[in-house]
Structure formats: C-alpha cells, structure tokens
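A.B. asks: Give me a model of this one.
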Amino acid sequence: MGELLADHTTLRLGGPADSWLTHTSRGAWHEVVRAVEGRRPFVLGGGSNILAADHGYPGPVIRMATRGIGARAVDDDRVEVTVQAGEPLARLVAYAVAEGLSGVEYLGGIPGTTGAAPVQNAGAYGQQIADRLTAVAAWDWQHGRTVRLNAAGCQFRYRSSVFKTQPGRWTILTVTLQLVRSARAAPVVYGHLAQALDVPIGARPPLAEAAAGVVADRQARGLTLPIHGPDMRQAGSVFLNPRVTDRLAQEVRAAGGPVYRDAEGVPRASAGWLLEQCGHGPGRRLAPGVYCSTQRTLTVTVRDGATAAGFAAGLRIMASAVAKSTGIELRPEPVQPALV
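C.D. replies: Sure, this is the predicted structure:
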C-alpha cells in the first residue's frame, strides 16, 4: 500500500499514490526527477485545493517541501524576494510584513504553499500574486530542463495561469516577487475589510494592522481552515465566481446579487449568492458525509463517511441547480489529481 493522499490533503480524502517522493533540498531536484523515471508526476503543495480520488493516483506524487526566503534590494524602494516553492504562503506574508514590504499583505490566511499560488493566481482583497510576481523557476517535464518564466510567460488570468491550463507540464521550484518598502498597506478596496479595520475605502492602514485585519475578517466569514469543528475538513471555495454577460450581470444586480469586474475588466457574479438563490445554504447536506460549511454555502466540507466520489457528486448537484435556474455555468475550483 502506497502513501495515502488523504494524509496530505485538507479534505483528508484520497487513496494511495503509486509512488511518493518528498522534495526538501533545493539542490536535490535532479535526484527527484531521476526517481520519477520518465513518468509525469502529480505535484502536491499544502493539499488545500485538492480533491484526490478514492482509488488514489496511478503514478508518482511529489510533495514540494523546500523552504527558504531570500531578498535582494533592487533600489531604495523595491526589494526582490525569492521564495522556495514549499514555503507556506502565510510565511511569505509574515516575512514581508515584518520586513516592511508591501505587495502581499492582503494574501494572509490563504492556505497552501507559495509555489502553488501562481497556479491559481491566488488573490484576495484586491491583491493577486500576479501583481508582484516577476518570475518563476520551473522544471519543464516536456523538455527536461529548468526554465525561467516571467509574469507574461505565466499567462495569468482570473484564478488561472499557464500552469493550470497546461497541467502537469511544469513544476514550480521558486517564485520571485518584487515588493515595495512601505510602512503602509495598499489602499483598501473591499468593503468587508474597510469595515473590519474601521477605515474608509481607499485608506492605507499600517502594514501590520492591515495584514492582521485580513486574517481576522477571513476567520469571521469562514474563509480560513479551522483546526477543529465540523468545517475543518475542506478545500475552501469550491467554485470560481463565474463570468457573466452584461445582460446577465444586469439581471443579477436587479435581483440584489453582487457583480464585480475582475482585474481584466470581466464582469463576474458571486458563485455563493447564485447557489443560495437555488436553495443551497450553510449546513446543507449534499451527499453522505458531505455538507456546505456551517458558515458559508461556497465552502463544502466533509465528515465521517464521506468519499471523494460523493464530494464530486455534491459539486455536480450544486452546479446543475445554478445552470438550470440561470444558465450560468459554475467551474469547480479544487484540482483532481486523477485527471492531471
């Protein structure tokens, strides 16, 4: 019996991997590549956005566990920070705040590793990893070499990148960001955060205060991974906020639903709001052991008796209800290793 993926994902679901490798030493990557023996592996970070199949993964799995953060001054105002892929994103945020560097302070509370952040173009409260990323070093499995991709080469989009649209081709080894020396955070653009910090929209609160406010607001709204309780086995939001036409955007607004434009100016509706209009809500049972979280509809949690197949079925039920009612297609966010 191989290493269970359930032991390495926040859903705690998933069968055995065919083979398992843990990459801890940044100088030993080529040994990992040789151990894979020409097979295309699935690469795992913190396991916080993964729906692993009940039967496991029929190939090698590499867990990225390299740590380290290095910094280099670009000039008096800018600092280049290079982070090992296995470094938790929360550690990067804490480091930046402690060093008085602005650019990632609103990403606190997002689970997972720094190396996984570019895959999803992780973002929150008006910041996304693409805003500050200058390059990634990645192993190209297709050509068998390490490559350096700049931000344009990563093809960032809303919660997407070339690493997501071409799954399995690259493994991110390091992430390089350019941060700005500042005692103040970026302007507050989200109402939830402004309320939590008791500041007006557009204010620039002290860096540490802004970072702490983000984590507190995320915890209050069920947007963090709890360490105990009925919601602790989860993978965060299970659907992306869907792209909508201008006509549908008007209909959603007329019904009282939120619509916003992403960084590319594309109108998007709230997936959580759409689900609630179709009868879903916090605590709703979707399948044996599978429930909407007790705090928010868009987070689906599992309890005893749950299976990955049941979790996937629950997501299909939710998406089908929205499609039938509105014609809007919801795209699942958790990655399924068996399909990579």
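A.B. asks: residue ranges for the helices of the stretch 201-340 of the chain, please.
C.D. replies: Taking DSSP state H, counting those that start in this stretch, the helices of the stretch 201-340 of the chain run over residues 207-220, 246-254, 271-277, 308-326.
A.B. asks: Out of those, which is the most enclosed?
C.D. replies: Taking mean count of other Cβ atoms under 10 Å as the contact definition, the stretch among these with the greatest mean neighbour count is helix 271-277, which reaches a mean of 21. Just so you know, the C-beta spots here come from the backbone N, C-alpha and C atoms, and that holds for glycine as well.
A.B. asks: what separates it from the chain centre, distance-wise?
C.D. replies: Between the centre of helix 271-277 and the centre of its chain there are 20 Å (Cα atoms, centre = their mean, to the nearest Å).
A.B. asks: Check which helices and strands it is in contact with.
C.D. replies: Packing contacts for helix 271-277, counted by 3 or more Cβ pairs under 8 Å, 6 or more residues apart in numbering; DSSP states H and E, involve helix 308-326.
A.B. asks: what helices or strands is the helix it packs on leaning on?
C.D. replies: Counting contacts by 3+ Cβ pairs under 8 Å, 6+ apart, the secondary-structure elements packed against helix 308-326 are helix 271-277, strand 285-287, strand 290-292, strand 299-302.
A.B. asks: quick one: which of the helices of the stretch 201-340 of the chain is nearest R159?
C.D. replies: Go through the helices of the stretch 201-340 of the chain one by one with Cβ to Cβ and the one that ends up closest to R159 is helix 271-277, at 11.3 Å.
A.B. asks: Give me the nearest residue to A313, chain neighbours excluded.
C.D. replies: With Cβ to Cβ, 6 or more residues apart in numbering as the measure, A287 is the residue that lies nearest to A313, at 5.3 Å, once sequence neighbours are left out.
A.B. asks: beta partners for that neighbour?
C.D. replies: As for beta bridges, A287 partners with V290 under DSSP bridges.
A.B. asks: Just list the residues touching it, thanks.
C.D. replies: Applying Cβ atoms under 8 Å, 6 or more residues apart in numbering, we find A287 in contact with 306, 310-311, 313-314, 317.
A.B. asks: 7 Å instead, please
C.D. replies: Residues counted as contacts of A287 (Cβ atoms under 7 Å, 6 or more residues apart in numbering) are 310, 313-314.
A.B. asks: now swap in L107 and tell me
C.D. replies: Neighbouring residues of L107 by Cβ under 7 Å, 6+ apart: 89, 93, 122, 124, 127.
A.B. asks: before we move on, which element is the residue in the chain sticking out farthest from the centre in?
C.D. replies: Distance from the C-alpha centroid of the chain peaks at D76, with 31.8 Å (Cα atoms, centre = their mean). Element membership of D76, judged by DSSP states H and E, is empty: it is in no helix or strand.
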